[in-house]
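Student: compute the structure for the input listed below.
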Amino acid sequence: MANKQNFKPDEWTKILESTMLAGMAVSAAEPSGLWGALKEAFASSSALAAAKSNAGSSELIKAVVAEFETKEGRAAVQEALRQHLAGAAKPADAVQRSLANLKEVSGILNAKAPQDAAGFKAWLQAIGQNVAEASSEGGFLGIGGVQVSDAEKATLADISKALDTRA
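Tutor: Predicted coordinates for the structure are as follows:
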């Protein structure tokens, strides 16, 4: 089973970053306003908390969650995200950069943690799905609209393609 020691420091940072970018790609695909953004951010962080208590979580997922529990791990991810998204002029730029990261992480996992790759990729997809379902899109003051917009559905499909999995 894979853990932090299986990866070079830059690869490990990309893996950590991918957990945030899976949700961020969906959020950027269809911005939901302040309340929706808060719900979507909570959905993303909830996935980390749920993985910690899930007995079925792989050693790799648990290592990622443990890293987020440290000040150093959070700081590394914040800095990586800042660099990753620097100069992104519009939400579509953030979506494309996030998808590029997920594609790169897919390759890293396939090469260095093949036994954990499918489970970790499924977890990333679940994070994206949870974010998509966290807030209704469209409507007025949360009334009406759809649970998952067409743009979010398309981004979830793009995430699946980037991770080389089936949605």
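
Student: where do the helices sit along the protein?
Tutor: 9-29, 33-53, 59-68, 71-85, 91-112, 114-134, 150-163 (DSSP state H).

Student: for the nearest residue to A154 once chain neighbours are set aside, give me its contacts.
Tutor: Nearest non-adjacent residue to A154, counting by CB to CB, 6 or more residues apart in numbering: A29, 7.1 Å away. Every residue, glycine included, has its C-beta placed from N, CA and C. Counting by CB atoms under 8 Å, 6 or more residues apart in numbering, A29 makes contact with 91, 95, 149, 151-152, 154-155.

Student: can you flag the buried ones in the residues you listed?
Tutor: Burial by neighbour count, 16 or more other CB atoms under 10 Å: within the contacts of A29 this picks out 91, 95, 149, 151-152, 155.

Student: want to try a markdown table for the residues you listed, with pLDDT as columns?
Tutor: Shown next, in a markdown table, are these (pLDDT from 0 to 100):
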| residue | pLDDT |
| --- | --- |
| P91 | 84 |
| V95 | 91 |
| S149 | 81 |
| A151 | 86 |
| E152 | 88 |
| T155 | 91 |
